[in-house]
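**Q** Requesting a structural model of the entry that follows:
(2 chains)
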Number of protein chains: 2
Amino acid sequence: MSPRRKLSDARRRQILRAAVQVIAEKGLCDTGIKDVADQAGTSPALVIYYFGKKDILLAEALSFADEGFYAQTADAVAKMSSARDRLVELVRSACSVGEAEDDFDEWVLWLDLWARAPRDPDVARDRQAMDRRWRSTITEIVRQGQEAGEFAPVDADGFAIRLGALIDGLAIQVVLHDPEVSRGVMFDLVMDTCAKELGFSWTPEDRAALTRLARRAPDGRAAG
Amino acid sequence: MSPRRKLSDARRRQILRAAVQVIAEKGLCDTGIKDVADQAGTSPALVIYYFGKKDILLAEALSFADEGFYAQTADAVAKMSSARDRLVELVRSACSVGEAEDDFDEWVLWLDLWARAPRDPDVARDRQAMDRRWRSTITEIVRQGQEAGEFAPVDADGFAIRLGALIDGLAIQVVLHDPEVSRGVMFDLVMDTCAKELGFSWTPEDRAALTRLARRAPDGRAAG
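**A** Numbers count the residues shown, from 1 in each chain, chains lettered A, B, ... in the order given. Alright, predicted model coming up:
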C-alpha cells in the first residue's frame, strides 16, 4: 500500500467516525455533509468526494462499525473451544453488556438505516448484506454446536433469523430507553431464549460470572 | 357532539390518513407539511393548527392506525372462546397475513417513528405508550390462557416483551423486503415460538386452515 493510499484510508476512517457521532446525535434527517466535515476537521468537498451523499455515509459508517464488531468478536471467539461459549460471547457483544455507554451511538444509527432503506436502494443493499453476514455468523456457531453435540438439532437458519430479529427488536427498546428493557434485561431474555431452544445450561451463576468478567475488562464498564 | 366538532374529527382523520400515505412514500425526512395538506385536500395552515409539526403528525398518524388495529382485532377476538385462538388472531393480524399489501404503509411508518423517537420527546412518549399497550394486550391473553389451563406457566410479562420484540425485528425484515423473510415466514416463525413456549398445538393443518379462511374474507388477499 502506498503512503498516499494509507493517508486516504486514515482520512476515510476519520470521516466515518465523525459521521457516526454526528448522525447519532442529530439524526440523519437533520445532519448535513458540512456537520460531518466540521466534526472530522475536513472539507465538505472531500466528504462528497469519498461518499457522494449522506445516505451512503450512514450505510458506510455502519458497515465500518460492523467490521470493527466482527474483528473484535472474532478475536474473543477464536480463543473459545465450545460453541456455547462462542454464542454467549456473540450475544454479550451484540447486547453491549459490559461495554461503555457510548457504544450506543451505533445502535441509534441502525434506526436511521432502517428508516432510510425503503427509500434508497444503495442503503437497502448494504443493510441486507450486513444482516446476511450477521445471520450466517449465528448459523455457523449453531451448526458447530450441533456437530459437537452441544446444541439441540433445531433448524439453524430459522433460529438465526429469529435470534437476529429478537436482538433487533429488543435493541429498539433499549436504545429508546424503554423503562422495562435495559441492556441487562435484553441480554437475559436473549440468553434464556438461546439456552431453551438450543438446549444448553445457562444459570444465574453463569450470568454473574460473565458480568464480573466484563467489569474487570480494561475498558469495560458493566451495563444493565 | 356538536356538528362542528364532528366535522373537525372527520377532517382530522382525513389529514392523518393523508399523512400515512405521504410519509410512507417519501419518508419523514423528505415530507413537508404542504405535501400532507395537498394529499388531504386542505391547507398547510390547518395541518399546522391541528398538529404543530410533522413529527407529531407521524406519531398521531401511527396512534390513529393503532386504534384501528385494536378496534378491528378486538372485534375478531371477542368472538373467540379460547386464549389460543385469540393469540393466533392477534399474531395473524400483527403479521398482516391474509390482508392487502397496502397495509404495509403503516409498517414503514414505524421505521420513521423509531428513528425520530431518540430526538423528539413527544414522539418518544407516544411510542412508549403504544408499545406498553401492545405488550399488555399480549400479557392479558397469556394470563387468560394460563388461568384456563391452555398455556404453560411462563412469565407472561417477559414473554410479552420477547414476542413484541420478535415481531418488531421480523417486521423490519419484511418491510425491507429481505429475501429470506416474507410475511408468511414471519408468521410461521412467530407462531412456532408461541406454540413452543406456551405449550399449545400448532400444526401445518392449523396454518393451512387459517390461510384458507383469510383468503375467503371479504377484502382479504392472502399474503406470504
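**Q** for the helix or strand containing residue A:170, packing partners?
**A** According to DSSP states H and E, residue A:170 maps onto helix A:156-175. Taking 3 or more C-beta pairs under 8 Å, 6 or more residues apart in numbering or on different chains; DSSP states H and E as contact, the helices and strands that helix A:156-175 lies on are helix A:104-116, helix A:121-147, helix A:183-198, helix B:156-175, helix B:183-198. C-betas here are computed from N, CA, C, even on glycine.
**Q** Identify each buried residue in stretch A:179-190, please.
**A** For stretch A:179-190, the buried set under the neighbour-count rule, 16 or more other C-beta atoms under 10 Å in any protein chain shown, comprises A:181-190.
**Q** now what about it, what contacts it?
**A** Here stretch A:179-190 makes contact (C-beta atoms under 8 Å, 6 or more residues apart in numbering or on different chains) with A:91-92, A:94-97, A:163, A:166-167, A:170-171, A:173-174, A:207, A:223-224, B:128, B:135, B:157-158, B:161-162, B:165.
**Q** Out of the residues you listed, which end up buried?
**A** Buried members of the contacts of stretch A:179-190, scored by 16+ other C-beta under 10 Å, are A:91-92, A:94-97, A:163, A:166-167, A:170-171, A:173-174, A:207, A:223-224, B:128, B:135, B:161-162, B:165.
**Q** And chain B, is the helix or strand harbouring residue A:57 touching that?
**A** Counting by DSSP H and E, the element that carries residue A:57 is helix A:54-78. No: counting by C-beta under 8 Å from any C-beta of the partner chain, chain B is not contacted by helix A:54-78; separation bottoms out at 9.9 Å.
**Q** With stretch A:114-124 instead?
**A** Yes: Stretch A:114-124 lies within reach of chain B by C-beta under 8 Å from any C-beta, at A:114-119, A:124.
**Q** What distance separates the opening and closing residues of that stretch?
**A** 8 Å (C-alpha to C-alpha, to the nearest Å).
**Q** what's the closest non-adjacent residue to residue A:11?
**A** Across the structure, with C-beta to C-beta, 6 or more residues apart in numbering or on different chains as the measure, the residue nearest residue A:11 apart from its sequence neighbours is residue A:42 (6.8 Å).
**Q** Which residues are in contact with that neighbour?
**A** Shown here is residue A:42, whose contacts under the criterion C-beta under 8 Å, 6+ apart are A:11, A:14-15.
**Q** out of the residues you listed, which one sits closest to chain B?
**A** The closest of those to chain B turns out to be residue A:15 (C-beta to the nearest C-beta; 21.2 Å).
**Q** Next up, phi/psi of that closest one, please.
**A** For residue A:15, the backbone dihedrals are phi -70, psi -40 (criterion: degrees, to the nearest 10).
**Q** That one contacts residue A:50, doesn't it?
**A** Yes: counting by C-beta atoms under 8 Å, residue A:50 is a contact partner of residue A:15 at 6.3 Å.
**Q** Find residues that contact each of the two.
**A** Common contacts of residue A:15 and residue A:50, defined by C-beta under 8 Å, 6+ apart, are absent altogether.
**Q** higher neighbour count, these two?
**A** Neighbours were counted for residue A:15 and for residue A:50 using other C-beta atoms under 10 Å in any protein chain shown; residue A:15 has more, 24 against 16.
**Q** contacting residues around that one?
**A** For residue A:15, the contacting residues are A:36-37, A:40, A:42, A:46-47, A:50-51, A:57, taking C-beta under 8 Å, 6+ apart as the criterion.
**Q** neighbour-wise, which of these leads?
**A** When neighbours are counted as other C-beta under 10 Å, the busiest of the contacts of residue A:15 turns out to be residue A:36, with 27 neighbours.
**Q** The helix or strand harbouring that residue to helix A:54-78, inter-axis angle?
**A** Secondary-structure assignment from DSSP H and E places residue A:36 in helix A:33-40. With axes from the mean of the first three to the mean of the last three C-alpha atoms, to 10 degrees defining the directions, helix A:33-40 sits at 40 degrees from helix A:54-78.
**Q** And the contacts of residue A:15, which is closest to residue A:64?
**A** residue A:57 (10.2 Å; C-beta to C-beta).
**Q** Please report how far that closest one lies from residue A:33.
**A** Here the distance between residue A:57 and residue A:33 works out to 8 Å (C-beta to C-beta, to the nearest Å).
**Q** Between the two, which contacts overlap?
**A** Common contact partners of residue A:57 and residue A:33 (C-beta under 8 Å, 6+ apart): residue A:47.
**Q** Lowest mean pLDDT among the helices and strands, pick that one out for chain A.
**A** For chain A, the helix or strand with the lowest mean confidence is helix A:204-216, at a mean of 79 (criterion: mean pLDDT, DSSP states H and E).
**Q** For residue A:28, what is the enclosing helix or strand?
**A** When secondary structure is defined by DSSP H and E, residue A:28 falls outside every helix and strand.
**Q** ugh, typo on my part, it should be residue A:24
**A** Per DSSP H and E: residue A:24 is located in helix A:3-26.
**Q** Could you list the low-pLDDT ranges of chain A?
**A** Of all residues in chain A, those with pLDDT under 70 make up the ranges A:1-7, A:100-103, A:213-224.
**Q** about what we covered before: tell me the secondary structure of the residue nearest to residue A:11, please.
**A** Residue A:42 carries the three-state label coil when classified by DSSP: H, G, I helix; E, B strand; the rest coil.
**Q** same deal with the one 5 residues further on?
**A** For residue A:47, the secondary structure call by three-state DSSP comes out as helix.
**Q** and it, how far is that from residue A:34?
**A** Taking C-beta to C-beta as the measure, residue A:47 falls 8 Å from residue A:34.
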